[in-house]
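[1] A predicted structure for the sequence below; I have some questions about it.
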Amino acid sequence: MSGEPVWMCVRQRAGPLVKECRSIRPRLSAGDTLYERTEKNKILRPPRDSSVCRTRVDRLELRLALFGYEGSSYTLTFDREHEPERFQDARRAWRSFLYRLKKWRQRPFDYVYLIEGKHGDHRYHIHLVLRDSDFSPAEVRHLWRYGENVEDQPLLRYPRDSYRRTAKYFNKEATDGITIPISARTWVCSRSLLRQLPPAECWRDTTGEIPIPKDARSHGIYNTANEFGQYRYAWYIEGRVC
C-alpha cells in the first residue's frame, strides 16, 4: 500500500448536489522550465468549471443547491411609475419588498437576490430565488407592488438542468461603478441559507475514482493527467428525475 499514489480528496455537499475533486498534485520549483511549469499548472489550476469551491460561481452554485428541488427563480420588473433612477433606489425598493415578505411569512426564510440593470432595455430589475414551501408565485406577485410583471420558473427547469446555470447567470453582470456601484455585491443570500451549508470533507485516498450514482439526475466530469500529476473532478445531482 505504501507504494500506491496518494490522492488529495475534497468533497462538498449542498442539498442534492455533490461536488468532488481528487488530485495528485505536483510541486512548483524555482528551477522549473517553462514547459514544466505549464504542465504542472494544468493540474494545479484546472478550468474554472472544474473545482469544488473556487470562484463566485462555485459559491453561488452551492447556495442555490441548498434549495433542493423546491426552489423557484423570479424576475421582478418595475413599471414606469415605480422605475428607479439609481441603484440606491432599486435597493431601497428591494428592502421594502423584503420587509413585506418577512412580515407576511412571520418566520425566517431562505433567499438569494440580485439587482441588475445593464442588459436588455437597461432598466433595473431584481432576480430572486425563494423556496416553494415559503412562498407561492401568487404570494410573490401579491407582495411585489412595483409592477405587474413578475416571471417565475423552477430553479431546475428541465430534467438534466443544474444549479450552475443560474449561478453563471447571476454572475454575468459585473459592477461598473455607474449602473451597479463598485461597492455593491452582485448577489446576496440570506444568513439562514449560509448556515445550512455543511463543511467540505477532506481526506487522502489511494484511488482517484469518483463514484457517480447510476440514478443521478445529472452529472459532469473532468479529468486531466500528465507526467507531473493528475486531477479528477465530478459533480452530480442526486435522484429525482422529473
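    On my side now, so go ahead. Numbering: from 1, shown residues only.
[2] Show me the residue at the heart of the protein, geometrically.
    Glu61 (1.8 Å; C-alpha atoms, centre = their mean).
[3] what about the residue nearest to Gly71 when sequence neighbours are not counted, how many neighbours?
    Closest residue to Gly71 apart from its sequence neighbours, by C-beta to C-beta, 6 or more residues apart in numbering: Leu155 at 3.4 Å. Bear in mind the C-beta positions are built from the backbone N, C-alpha and C, glycine included. Counted with other C-beta atoms under 10 Å, residues neighbouring Leu155 total 22.
[4] picking up where we left off before, the residue nearest to the centre of the chain: what's it in contact with?
    Glu61 is in contact with Ala14, Leu17, Ser162, Tyr163, Arg164, Ala167, counting by C-beta atoms under 8 Å, 6 or more residues apart in numbering.
[5] Which element, helix or strand, includes the fifth one?
    This points to Arg164. Element membership for Arg164 (DSSP states H and E) is helix 163-170.
[6] so where is the chain shaky, pLDDT-wise?
    Along the chain, the parts satisfying pLDDT under 70 run over 1-3, 118-122, 173-185, 240-242.
[7] wait, is the residue nearest to the centre of the chain part of a helix?
    Yes. Assignment of Glu61 by DSSP: H, G, I helix; E, B strand; the rest coil places it within a helix.
[8] Distance check, it against Leu34.
    34 Å (C-beta to C-beta, to the nearest Å).
[9] Quick one: the strands in this protein, in order.
    7-14, 17-24, 71-77, 111-116, 125-131, 150-154, 188-189, 201-205, 218-226, 229-237 (DSSP state E).
[10] The fifth one to strand 71-77, inter-axis angle?
    What it means is strand 125-131. Orientation check (axes from the mean of the first three to the mean of the last three C-alpha atoms, to 10 degrees): strand 125-131 against strand 71-77 gives 160 degrees.
[11] Show the buried residues in the contacts of Glu61.
    Using 16 or more other C-beta atoms under 10 Å as the burial test, these include Ala14, Leu17, Ser162, Tyr163, Arg164, Ala167 as buried.
[12] could you say what helices and strands the longest helix seen in the chain packs with?
    Of all segments of type helix in the chain, defined using DSSP state H, the longest is helix 87-105. Using 3 or more C-beta pairs under 8 Å, 6 or more residues apart in numbering; DSSP states H and E as the contact test, the elements touching helix 87-105 are strand 111-116, strand 125-131, helix 137-143.
[13] mind listing what's buried in it?
    Here helix 87-105 shows Phe87, Ala90, Arg91, Ala93, Trp94, Phe97, Leu101 as buried, counting by 16+ other C-beta under 10 Å.
[14] Next up, the contacts around the fourth one.
    Contacts of Ala93 were listed using C-beta under 8 Å, 6+ apart, and they are Phe78, His82, Pro84, Ile126, Tyr146.
[15] what about 10 Å?
    Counting by C-beta atoms under 10 Å, 6 or more residues apart in numbering, Ala93 touches Leu76, Phe78, His82, Glu83, Pro84, Ile115, Tyr124, Ile126, Trp144, Arg145, Tyr146.
[16] Equivalent analysis for Tyr99, please.
    Residues near Tyr99 by C-beta under 10 Å, 6+ apart: Leu143.
[17] just Leu62 next, same as before
    Contacts of Leu62 by C-beta under 10 Å, 6+ apart are 12-15, 17, 19, 52-53, 163-164, 167, 193, 197-198, 200.
[18] Next, work out how far apart Val129 and Ala200 are.
    Val129 is 23 Å from Ala200, by C-beta to C-beta.
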